[in-house]
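**Q** this one's structure only:
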Ligand code: ADP
Ligand code: MG
């Protein structure tokens, strides 16, 4: 007994905590839909009261029909009965009209709400730190916010409406029942308590189960994506991985499904027990009325009224409970949405930002920078020092995984280092407004995005805030050496790239990269960073391209990250990075004379080329 009480107390406490999301949800709903929600509540209130009016008319109607029948057709009595019948018919018609109106209003409301929530999620996703994307927890949050946010909010709204409607009706029914005996409404309420307990307990369990299994759900989703996405289609076929992933998906789903079914089984048995208890209570009430009617204490109309009111009361009470349960579970899941929306980025604008330089005069410095990716032990950069003079073309070379791309991410302030300082023209980048810092940089990322938009947009995205002329686009395309890529397209700049949408043209990996390069060139930022720009480029195209880079980037500071030494050799300065540290720097000739890592790699790369 004490155990049961303890469980009840814990559940009620948890339940109370969870209700705290309710006001926030309502605020969200109101913000997104106000007029529609007001209309909807009015409709619901009317719909809650009409059935009561119906039940209320039952007694006079039945009694009037009886009186008319007994009077053998006395016209006044017949007219009275007909009038009452007319009123009942009007109510029925009104109920139909309201029902249809509600469907329309509810659709509008839920569409508005869904888009509003999507908008919030999108906004949050953009503003989140890059570091969030490195954490499984963030992906869990995002997954739950995305899968639950939209429909839980609409569902919650629906429950709430239903709750208001049924609650109102129930109160009115209870008022009717009081006239038969004050204990009847109490019996009605008592009959619902066991069910309330079951509802809360199981919904809480369901939610806890869901929280525990988000990782597995995402993994199943992931297998599903591997099987259906274009990017994996080639390998799935060639390596024959289809069955492997199908089985993995099935096994995971089987486990999740069985657990969900088990949970549902437990819930339905508990609900059954609660239902039987409720039936017993209502049985007692019915027997009581039956005996009183036998003793002539109630008229036939009254018995009909009682039967209807009690029957409806029971139905309302059970629907009400269902609503409470759903309201509860939906607000639990909406907690996920709010948890996501409340994630705070750590990388923020400074309180007193410094103006960002339009042109570099000193250069870029990394002083004693140490950085670890979130949730990793190993430092990607360790006491890293680098000084790139303004206006120079600097090459950064080094083996895979040595930390080259990490430098770019830190310079963009996607992450902050744990120690050390990164400065542009002597200004710590943490003292610059994020948007301004990012406007001083133009970056060709190692894996540029393939926007499934027109070729023109793919390039213009490099400078979305300015009205760029066609001449500027063409200049960027020339500088990137992508003119022939565009020339090949069926509708030139207007061609849609990628295969996701109708009439899209797919490009080769190297061609996509050239388009991305033009995008990077378009932005007239003082610092241009190119991360492996020639990786998908033919060696003969590369030499010509480098010459063009020099002439088109005059006055800008260029960081050229590459593992190809034939690219690096043309830079003003070469910095060799290994294991997260700067190990050598100098011009090509100086480094060759130094007989270090660069000289060794040079010898190895030359050995690969035909003599
Ligand atoms: P590269 O010199 O080839 O560009 P990177 O700078 O991309 O190398 O990576 C340096 C090291 O940091 C690698 O060992 C890599 O495993 C690790 N790393 C890169 N990105 C992440 C990340 N998002 N989370 C954790 N570790 C990362
Ligand atoms: Mg890299």
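**A** That came in fine, so what should we check first? Bear in mind the structure is a predicted one, so any value in this text is a computation, not a measurement. Ligands and ions are numbered 1, 2, ... in the order given.
**Q** got the contact list for residue 582?
**A** By CB atoms under 8 Å, 6 or more residues apart in numbering, residue 582 lies in contact with 384, 385, 386, 575, 576. In this view, the C-beta of every residue, glycine as well, is placed from N, C-alpha and C.
**Q** that one: which element?
**A** Assigned by DSSP states H and E, residue 582 belongs to strand 581-586.
**Q** for the residue of the stretch 1-150 of the chain at minimum distance from ligand 1, give its distance to residue 232.
**A** Per CB to the nearest ligand atom, residue 134 is where the stretch 1-150 of the chain lies closest to ligand 1, at 4.6 Å. Distance of residue 134 to residue 232, computed by CB to CB, to the nearest Å: 22 Å.
**Q** do the same with residue 29
**A** Distance check for residue 29 against residue 232: by CB to CB, it reads 39 Å.
**Q** more neighbours, these two?
**A** Shown here are residue 29 and residue 232; by other CB atoms under 10 Å, residue 29 has more neighbours (23 against 14).
**Q** helix or strand next in line after the helix or strand where that one lies, which one?
**A** Secondary structure assigned from DSSP H and E places residue 29 in helix 21-70. Using DSSP H and E, the helix or strand that follows helix 21-70 in sequence is helix 75-127.
**Q** residue 381 belongs to a helix?
**A** No. Residue 381: not assigned to a helix; according to DSSP: H, G, I helix; E, B strand; the rest coil it is strand.
**Q** circling back: list only buried entries from the contacts of residue 582.
**A** 384, 386, 575, 576 (16 or more other CB atoms under 10 Å).
**Q** the strand holding residue 582 pairs with which strands, and in what direction?
**A** strand 573-578 (antiparallel) (DSSP bridges).
**Q** let me see the mean pLDDT of the strand it pairs with.
**A** On average, the pLDDT along strand 573-578 is 95.
**Q** stretch 351-365 too?
**A** Confidence for stretch 351-365, expressed as mean pLDDT, is 94.
**Q** distance between it and the chain's centre?
**A** 36 Å (CA atoms, centre = their mean, to the nearest Å).
**Q** now do the same end-to-end measure for it.
**A** Stretch 351-365 stretches 23 Å from its first residue to its last (CA to CA, to the nearest Å).
**Q** what's the answer for stretch 347-363, then?
**A** One end of stretch 347-363 to the other measures 23 Å (CA to CA).
**Q** same thing with stretch 380-398?
**A** 13 Å.
**Q** close to ligand 1, is that stretch?
**A** Yes. Contact of stretch 380-398 with ligand 1 (CB under 6 Å from any ligand atom) involves 380, 398.
**Q** in that stretch, what's buried?
**A** For stretch 380-398, by 16+ other CB under 10 Å, it's 380-382, 384, 386-388, 390-398.
**Q** now it: how far from the chain's centre is it?
**A** Using CA atoms, centre = their mean, the mean C-alpha position of stretch 380-398 is found 38 Å from that of the whole chain.
**Q** ok, for residue 570, nearest residue in space, not its chain neighbours?
**A** In space, residue 570 comes closest to residue 546 once its chain neighbours are excluded; the distance is 5.2 Å by CB to CB, 6 or more residues apart in numbering.
**Q** what residues does the helix or strand containing the one you found touch?
**A** Secondary structure assigned from DSSP H and E places residue 546 in helix 539-552. Under the criterion CB under 8 Å, 6+ apart, residues 393, 475, 478-479, 481, 521, 534, 537, 558, 560, 564, 566-567, 570 lie in contact with helix 539-552.
**Q** tell me which residues touch the most centrally placed residue in the chain, please.
**A** Nearest to the mean C-alpha position of the chain, by CA atoms, centre = their mean, lies residue 146 at 3.1 Å. Listed by CB under 8 Å, 6+ apart, the contact set of residue 146 reads residue 121.
**Q** ok, it to residue 140 distance?
**A** In terms of CB to CB, residue 146 sits 11 Å off from residue 140.
**Q** one more: residue 43?
**A** Per CB to CB, residue 43 is found 38 Å from residue 140.
**Q** next up, the contacts around residue 367.
**A** Residue 367 touches 385, 420, 421, 422, 423, counting by CB under 8 Å, 6+ apart.
**Q** helix/strand/coil for the last one?
**A** Pointing back at residue 423 there. Put simply, residue 423 is strand when judged by three-state DSSP.
**Q** was I right to think it contacts residue 437?
**A** No. Assessed by CB atoms under 8 Å, residue 423 is found out of contact with residue 437, at 11.3 Å.
**Q** common neighbours of those two, please.
**A** residue 429.
**Q** of those two, give the one with the bigger neighbour count.
**A** residue 437 (21 against 18).
**Q** quick one: residues contacting that one.
**A** 356, 412, 413, 424, 429.
**Q** at 6 Å what do you get?
**A** Contact analysis of residue 437 by CB atoms under 6 Å, 6 or more residues apart in numbering lists 413, 429.
**Q** separation between it and residue 347?
**A** In this view, residue 437 and residue 347 are 10 Å apart by CB to CB.
**Q** what sits in contact with each of those two?
**A** Common contact partners of residue 437 and residue 347 (CB under 6 Å, 6+ apart): residue 413.
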